[in-house]
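1. For reference, the sequence and a predicted model appear below.
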Amino acid sequence: MDLKQLQYFVACAQTGSFSDAAKILYSTQPSVSKVIKALEDTLGMQLFERLPRGIRLTVQGQKVYSYACRITSEIDVLENMASRGMTKWIRISMNPSSWLANQFVDFYNETYEKNYHFQLTTAGVRSVMERVRDYMDDIGFVYILSQHRENFLHELAKNKIEFVPMYETDVILYPGRKTEFYGSGKDRIELDELEGARFIQNYQDEFFDIGAVETNAFRWKDLDISVLTNSDYIMERMLRNSRVFNVSGSYLSENKAGTTPGIPLDMGNNKVIFGYMFHKGEKIEESVQEFLDFLKGRLPKS
């Protein structure tokens with residue numbers, strides 16, 4: 001087994017196609033297929049199911065993928081060290097959050113002389129979890145609904161990941177400027193008041209919607225999500241100029257531009273929990289801990 005085989009394997013797993021992997025590897029489809037076959041022979045297991053259109057990881061292939069991601073990711077770090085000396089890279093994944101983005105900018109400016117380098121990725125909760133699990137990122141920041149916390153922690157435990165809550169907020173409804181609730185002065189809104197409403201959200205399964213724990217619990221699939229986007233710009237433009245709503249956490253008391261200040265959405269005892277995840281039992285690196293301490297100092301006091 002060699003590094004090239006692992007790099008080809010990861011590219012194939014991420015693209016779901018030998019031919020697409022060949023394009024980003026500057027190779028050919030037959031060459032990629034040959035390398036993957038050699039890796040499968042070396043490991044003594046089938047890594048991919050060959051489908052009529054593309055490929056899919058087998059159960060064994062999924063396990064190998066986790067290790068391969070870790071190895072290839074560490075090679076990337078070593079290559080960066082070789083090209084830039086002892087430059088420190090901090091790899092972070094997060095749910096889209098204007099508050100967190102603003103804090104990052106301030107942290108970057110404050111630590112400018114330390115010459116930290118950063119890799120930031122925005123993604124849904126499940127993707128953030130997978131990136132941390134596969135050692136693609138050092139730490140991941142997410143928002144989850146309290147009704148899903150037990151199932152969420154169970155999922156993390158299977159992947160040997162630990163979650164540390166940092167803050168709890170109300171579930172907030174952000175009415176677009178052209179909706180009837182914009183500027184209404186209401187101090188709370190019931191879910192049944194939103195019948196027929198359309199929503200703009202970052203992800204279809206925001207806050208890790210892995211199944212309601214109660215029959216009357218909040219479920220994303222019950223909402224008419226007419227726009228999905230991870231772009232803050234599109235989110236703000238839509239709220240400013242159309243009849244859509246957004247359901248979020250308060251994002252730590254920061255309002256979304258172009259909309260009325262958020263209105264608490266009555267969902268029983270449900271809260272939005274903000275926190276971070278990392279590999280269980282592994283020490284958080286000093287530079288990452290520095291960023292964590294910076295965030296904790298910026299959180300509103302409970």
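-> The structure has been received and is ready for your questions.

2. Point out where the stretch 101-250 of the chain drops to low pLDDT.
-> 204-221, 250 (pLDDT under 70).

3. For residue 276, give the beta-bridge partners.
-> Beta-bridge pairing of residue 276, defined through DSSP bridges, involves residue 141, residue 164.

4. what's the burial count for it?
-> By the criterion of other CB atoms under 10 Å, residue 276 has 22 neighbours. For every residue, glycine as well, the C-beta is placed using N, CA and C.

5. That one contacts residue 163, correct?
-> Yes. Residue 276 lies in contact with residue 163 (CB atoms under 8 Å); the separation is 7.4 Å.

6. Which element is encountered next along the chain beyond whichever strand or helix holds residue 22?
-> With elements taken from DSSP states H and E, the one containing residue 22 is helix 18-25. Sequence-wise, the next helix or strand beyond helix 18-25 is helix 29-43, with elements assigned using DSSP H and E.

7. What are the buried residues along the very next helix or strand once past that following helix?
-> With elements assigned by DSSP H and E, the helix or strand that comes after helix 29-43 is strand 48-50. For strand 48-50, burial by neighbour count (16 or more other CB atoms under 10 Å) applies to residue 48.

8. I'd like the average pLDDT over strand 48-50.
-> Strand 48-50 comes out with an average pLDDT of 93.

9. same for that strand, what does it pack against?
-> Other helices and strands packing on strand 48-50, by 3 or more CB pairs under 8 Å, 6 or more residues apart in numbering; DSSP states H and E, are strand 55-57.

10. Give the pairing partners of the strand it packs on; include direction for each.
-> Taking DSSP bridges as the criterion, strand 55-57 forms sheet pairs with strand 48-50 (antiparallel).

11. quick one: contacts of the partner strand?
-> For strand 48-50, the surrounding residues in contact (CB atoms under 8 Å, 6 or more residues apart in numbering) are 12-13, 36, 55-58, 61.

12. Return the closest of those residues with respect to residue 231.
-> Nearest to residue 231 among those, counting by CB to CB, is residue 13 at 26.8 Å.

13. still on that earlier bit, in the helix holding residue 22, which residues are buried?
-> Under the neighbour-count criterion of 16+ other CB under 10 Å, helix 18-25 has 18, 20-22, 25 buried.

14. who are the neighbours in contact with the nearest residue to residue 24 once chain neighbours are set aside?
-> Sequence neighbours aside, residue 11 is the residue nearest to residue 24 in space, at 6.0 Å (criterion: CB to CB, 6 or more residues apart in numbering). Under the criterion of CB under 8 Å, 6+ apart, the contact list for residue 11 reads 21, 24-25, 32.

15. Among those residues, which pair sits farthest apart?
-> Distances among the contacts of residue 11 were taken as CB to CB; the most separated pair is 24 and 32, at 10.2 Å.

16. was I right about residue 269 contacting residue 168?
-> No. The pair residue 269 and residue 168 fails to qualify as a contact (CB under 8 Å) at a distance of 11.0 Å.
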